[in-house]
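Colleague: Take a look and give me a structure for this.
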Amino acid sequence: MNRRLHGVLVGSLGLLMSAGAVLAGTGGASAATTTAGTVTLTARSAGLTDGSPFTQVSVNKACPTGYQDDLNVFLVTSDGAESGIAFHLTDGGPFASAPITASVPAESTDTTYVNSIADAFANVDAPVVDGTYPIHVVCGSADPAHFPERPTFTGFIDVTGDTWKVDSRPAPTATRITLSASPARHVQVGQTFTLSAAVSPAVPGTVQFSADGGANPIGGPVTVVNGVASVTVPTTTRPTVRSYAAVFVPANQLAHAQAYGVFDYAFLAAPTITVTDASGTVLGAAPRLTGGQRITVSATGFQPTTGEKVTAAITRAHGPLPAGLPSATADTAGSVTGYSVTLPSCLTAGSHQLVLTGQDSGVKLTFAFTTT
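Modeller: Numbering: from 1, shown residues only. Below is the predicted model:
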């Protein structure tokens with residue numbers, strides 16, 4: 001892979017690795033903060049075009065548990081975009097004890113990528129303008145699927161003409177971003193929802209929302225008003241759980257740090273429930289059944305992708321019942337198919353309901369029937 005293309009790819013990954021992310025349960029709120037700590041950057045040279053500008057990076061704090069496998073270093077441009085300077089630093093790891101220090105190679109290797117500051121600007125199409133720029137040092141995990149947070153420490157460099165130097169100003173004040181959705185847990189396929197980001201402290205800035213963990217931007221940056229920014233998220237055409245991201249870029253990046261959050265949200269199929277008897281005949285509304293009769297249930301509208309546990313119960317049943325009905329597991333489309341259950345023989349005459357409940361989604365589907 002050529003140097004510039006590699007830089008572009010790592011720059012895009014910066015959206016996923018900016019200021020720490022907390023992955024909540026589907027439809028639950030997530031919150032993220034930058035990590036307080038002093039970054040020390042050791043210069044290799046002073047030229048913007050010189051490859052691998054640092055010999056080492058250090059932080060006076062340790063990386064959190066689960067994020068101690070590598071360090072990644074990004075230049076942050078004036079519009080908040082990140083571009084990789086050093087990716088997958090492991091020399092000095094694991095980064096479990098304070099202070100942490102990673103050595104930076106002079107050239108890229110098979111496992112570690114390094115880039116000049118000039119190329120870092122170019123790879124995200126940012127002009128090189130004299131000024132002070134944040135440098136993000138991000139703690140990485142070898143298992144990002146289970147450890148999606150990206151704890152981040154922030155330092156600074158000064159750029160003047162075709163040279164740069166380390167800026168020793170204090171780290172910016174950390175910010176926090178909390179994500180929530182309306183409706184709160186899920187919507188049906190074909191419907192939109194509102195994704196909101198609450199920023200604390202409520203300082204000026206913008207939030208860029210995106211789908212699929214940062215891969216697909218949703219519109220442009222949204223101005224934070226009274227600490228909140230919101231966007232209407234386009235619908236999805238099939239049952240699925242999608243990951244959404246939000247990056248807060250403060251108006252003054254020298255005073256406040258960026259914040260990043262991710263949020264999983266479910267799109268459910270329209271709820272349906274179909275019940276058949278032992279012969280395979282579909283039962284109509286409120287059929288007359290008997291205790292001990294075996295029925296088979298198929299249902300849609302539960303949480304997709306995750307293999308949601310679906311419990312079953314009979315309500316308004318009189319007299320003692322067995323310990324309980326067996327549970328089922330929804331498939332990747334959020335459907336339960338061929339769930340067979342024998343009605344308790346102790347059911348007394350009257351109206352009853354078979355209730356299926358998704359343990360993650362909270363979706364309840366009912367089938368009414370009577371017994372004599």
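
Colleague: CA only for contacts and neighbour counts going forward, please
Modeller: Noted.

Colleague: Let's check: the centremost residue of the chain is which one?
Modeller: The central residue of the chain, meaning the one whose C-alpha is nearest the mean C-alpha position (Cα atoms, centre = their mean), is V262 at 3.0 Å.

Colleague: give me the beta-bridge partners of the nearest residue to it once chain neighbours are set aside?
Modeller: Closest residue to V262 apart from its sequence neighbours, by Cα to Cα, 6 or more residues apart in numbering: A245 at 4.3 Å. The residues paired with A245 through beta bridges, assigned by DSSP bridges, are S210, V262.

Colleague: now the helices: where do they sit in this structure?
Modeller: Per DSSP state H, the chain carries helices over the ranges 3-13, 117-123.

Colleague: By mean pLDDT, show me the worst of those.
Modeller: Ranked by mean pLDDT, these bottom out at helix 3-13, with a mean of 36.

Colleague: For burial, what's the neighbour tally of D212?
Modeller: Other residues lying near D212 total 16 when counted by other Cα atoms under 10 Å.

Colleague: contacting residues for it?
Modeller: When the contact criterion is Cα atoms under 8 Å, 6 or more residues apart in numbering, the partners of D212 are 242-245.

Colleague: and which of those is nearest V224?
Modeller: For V224, the nearest member of the contacts of D212 is A245. The distance, counting by Cα to Cα, is 15.7 Å.

Colleague: measure the closest one to P234 for me?
Modeller: As defined by Cα to Cα, to the nearest Å, A245 lies at a distance of 14 Å from P234.

Colleague: Give the residue from those two that has the larger number of neighbours.
Modeller: Under the neighbour definition other Cα under 10 Å, A245 and P234 were set side by side, and A245 has more, 28 against 13.

Colleague: That one is in contact with Y265, isn't it?
Modeller: No: the pair A245 and Y265 fails to qualify as a contact (Cα atoms under 8 Å) at a distance of 10.9 Å.

Colleague: ok so, going back, so for the residue nearest to the centre of the chain, what pLDDT did the model give?
Modeller: As summarised for this prediction, V262 has a pLDDT of 85.

Colleague: And P151, by the same measure?
Modeller: The score at P151 is 88. That number is its pLDDT.

Colleague: G291 now?
Modeller: Per-residue pLDDT puts G291 at 88.

Colleague: what about the nearest residue to it once chain neighbours are set aside, neighbour count?
Modeller: In space, and not counting its chain neighbours, G291 is closest to S345: 3.9 Å by Cα to Cα, 6+ apart. If you count neighbours by other Cα under 10 Å, S345 ends up with 13.

Colleague: give me every residue that touches S345.
Modeller: Going by Cα under 8 Å, 6+ apart, S345 touches 290-293.

Colleague: Now, of those, which are buried?
Modeller: The neighbour-count criterion (16 or more other Cα atoms under 10 Å) marks T290 among the contacts of S345 as buried.

Colleague: show me what contacts L343?
Modeller: Residues counted as contacts of L343 (Cα under 8 Å, 6+ apart) are 290-295.

Colleague: ok, of those residues, which one's closest to P170?
Modeller: Looking at these and their distance to P170, the nearest is I295, at 68.2 Å (Cα to Cα).

Colleague: Report pLDDT for the closest residue to the closest one other than its chain neighbours.
Modeller: The shortest distance from I295 to any residue that is not its chain neighbour, by Cα to Cα, 6+ apart, is 4.8 Å, and that residue is D277. Here the pLDDT value assigned to D277 is 96.

Colleague: What are the phi and psi values at D277?
Modeller: Phi and psi for D277, reported as degrees, to the nearest 10, are phi -90, psi -170.
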